[in-house]
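Q: After the sequence you'll find the predicted model.
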Amino acid sequence: MDITPRQLEIIEAAGKILTSSGVSGLTIKNLAKEMKFSESAIYRHFASKEDIIVAMLNYLADGIDIRLSNLTKTSEPEEQFKSLFLEQFRFFSENPHFVVAVFSDGLMEESQHINQNILKLMNVKIKHLMPIIMEGQQKGAFTNALTSEELIHIVMGTFKLQMFKWRIANFQFDLSRIGANMVQSILTLIKNK
């Protein structure tokens, strides 16, 4: 996705507003006030609030795809699994203002276009996680008692719950540490004994 530095600045400010005020607080007026711009200056870069949210979701999806593509692929499935999630926890620890954009149920009520882009974001993560799960099952490292799709749902649901808890706690606990514990717990559940 081609994004200008000014658009990125707007997206990051929108993420901060979503974090502090929720979806209802993200208005062009509030965004302009946060950035000390006129509303018309925001409209020069985005046609609507929906376009800003979609751009944010696309920016995050592209970033996740690039970061996860750059993770080492030579290690065993268990190590790849750890790396994938630890990278996600690192990113969100450094960019908590994007957590609401990714893990907000309120956004899903905004529009079908936003829903499609949330789904795209989830699919990017699944694109990187599925081969790891499948390889782990083929090598006998992960259980075959469940399908790879069922394991993906369990893992992704656990990740989403952890992020939701962090958001509700107002980002007050060490996500990387707690996240590493969560990853180890999931591995304990899905590894072949």
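A: It's in.
Q: which outside residues touch the worst-scoring helix or strand of the chain on mean pLDDT?
A: Every helix and strand in the chain was compared by mean pLDDT, DSSP states H and E; the lowest is helix 99-103, with a mean of 73. With contacts defined as CB atoms under 8 Å, 6 or more residues apart in numbering, helix 99-103 is touched by 14-15, 18-19, 22, 53, 56-57, 60, 92, 107, 118, 121, 160, 163-164, 166-167, 171. (C-beta placed from N, C-alpha, C; glycine too.)
Q: of the residues you listed, buried ones?
A: 14-15, 18-19, 53, 56-57, 60, 92, 107, 118, 121, 163, 166-167 (16 or more other CB atoms under 10 Å).
Q: if we take those residues, which one ends up nearest to Phe37?
A: Nearest to Phe37 among the buried ones among the contacts of helix 99-103: Ala14, at 12.3 Å, using CB to CB.
Q: Would you agree Glu87 is in contact with Leu68?
A: Yes: taking contacts as CB atoms under 8 Å, Glu87 lies within contact range of Leu68: 6.7 Å.
Q: Show me which of these two is the more surrounded one.
A: Leu68 (19 against 16; other CB atoms under 10 Å).
Q: my guess is the more buried one contacts Phe85, does it?
A: No: counting by CB under 8 Å, Leu68 sits too far from Phe85 to count as a contact (10.2 Å).
Q: I'd like to know which elements the longest helix along the chain is packed against.
A: Of all the segments assigned as helix in the chain under DSSP state H, the longest by residue count is helix 112-138. When contacts are defined as 3 or more CB pairs under 8 Å, 6 or more residues apart in numbering; DSSP states H and E, helix 112-138 sits against helix 49-69, helix 77-94, helix 148-168.
Q: of the ones you listed, which approaches Ile28 most closely?
A: Of the helices and strands packed on helix 112-138, nearest to Ile28 by CB to CB is helix 49-69, at 6.2 Å.
Q: who touches that closest one?
A: Contacts of helix 49-69 (CB under 8 Å, 6+ apart): 1, 3, 7-8, 10-11, 14-15, 26-28, 31, 46, 84, 87-88, 91, 98, 101-102, 107, 110-111, 113-114, 117-118, 120-121, 124-125, 127-128.
Q: Please name the residues that touch the closest residue to Glu39 other than its chain neighbours.
A: Counting by CB to CB, 6 or more residues apart in numbering, Glu39 lies nearest to Ala32, which is 4.5 Å off, once chain neighbours are set aside. Counting by CB under 8 Å, 6+ apart, Ala32 makes contact with 38-39, 41-42.
Q: any weak-confidence spans in this structure?
A: 1, 72, 74, 103-110 (pLDDT under 70).
Q: Just the ones in helices from the contacts of Ala32, please.
A: 39, 41-42.
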